[in-house]
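Colleague: any chance you could fold what I've pasted below:
(chains A and B)
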Amino acid sequence: AQSVTQLGSHVSVSEGALVLLRCNYSSSVPPYLFWYVQYPNQGLQLLLKYTTGATLVKGINGFEAEFKKSETSFHLTKPSAHMSDAAEYFCAVSGSGGSNYKLTFGKGTLLTVNP
Amino acid sequence: SQTIHQWPATLVQPVGSPLSLECTVEGTSNPNLYWYRQAAGRGLQLLFYSVGIGQISSEVPQNLSASRPQDRQFILSSKKLLLSDSGFYLCAWRPTAATEAFFGQGTRLTVV
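Modeller: Here you go, the predicted structure:
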């Protein structure tokens, strides 16, 4: 069984400020973890992923996330927010291995960037 | 390169009418396929997934069904729509179970 909890359904930051979106997961097997971004009325676009290896992963648009097994967390950060970062962000988990087909998403965090 | 097509983009249907949403993937073979529904404040709910032709796993009991008549075609259907079926429906595919999913542009379904 697997699940994802995103803390904060809505996060508001000022342009240029740090962005921190929180994600905690539960998985009975070693997880693969993902962050996606969604702009209004569009599909989801992959920002970054963790599968194995380095626990700090870098993605597109200056985002990065760190896998912390002891904390079962995979928080998303960006040092300086830009207006174009305003969107909804989803954390997702999948079990590792070829027989783990389910990809489970959190409820999403809406990021607002204020000028 | 691989692409995913999902249509229509928007759909308004009366209660009790049938539904058929289609999703096709190009440029790959034997993908894992998924249907998700997105409702405001509820995130993405996995409805169905398929690991091969004719193989459908249902995640939530509901008024919907799915079929995979061809390797790269995934169809979401209903015989009689309910108001509660309104939402944003997303199709996705994964080349294998251990990699990221790629999403279509979604279908906004409004049942009136």
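
Colleague: next secondary structure after the host helix or strand of A:Gln6?
Modeller: Assigned by DSSP states H and E, A:Gln6 belongs to strand A:2-7. As assigned by DSSP H and E, the chain's next helix or strand after strand A:2-7 is strand A:10-14.

Colleague: direction included, what does the helix or strand just after that following strand pair up with?
Modeller: Beyond strand A:10-14 on the C-terminal side, the first helix or strand identified by DSSP H and E is strand A:19-27. In the sheet, strand A:19-27 lines up against strand A:2-7 (antiparallel), strand A:73-78 (antiparallel) (DSSP bridges).

Colleague: looking at those strands, which is buried most?
Modeller: strand A:73-78 (a mean of 21; mean count of other Cβ atoms under 10 Å in any protein chain shown). C-beta: built from backbone N, CA, C; applies to glycine.

Colleague: endpoints of stretch A:39-52, how far apart?
Modeller: 28 Å (Cα to Cα, to the nearest Å).

Colleague: hmm, who's touching that stretch?
Modeller: Stretch A:39-52 is contacted by residues A:31-38, A:57-61, A:63-65, A:67, A:74, A:76, A:87-90, A:96, B:6, B:44, B:88, B:90, B:92, B:98-100, B:102-106, B:108 when judged by Cβ atoms under 8 Å, 6 or more residues apart in numbering or on different chains.

Colleague: what subset of the residues you listed is buried?
Modeller: By neighbour count, with 16 or more other Cβ atoms under 10 Å in any protein chain shown, the contacts of stretch A:39-52 hold A:31-38, A:57, A:59, A:63-65, A:67, A:74, A:76, A:87-90, B:6, B:44, B:88, B:90, B:92, B:98-100, B:102-104, B:106 as buried.
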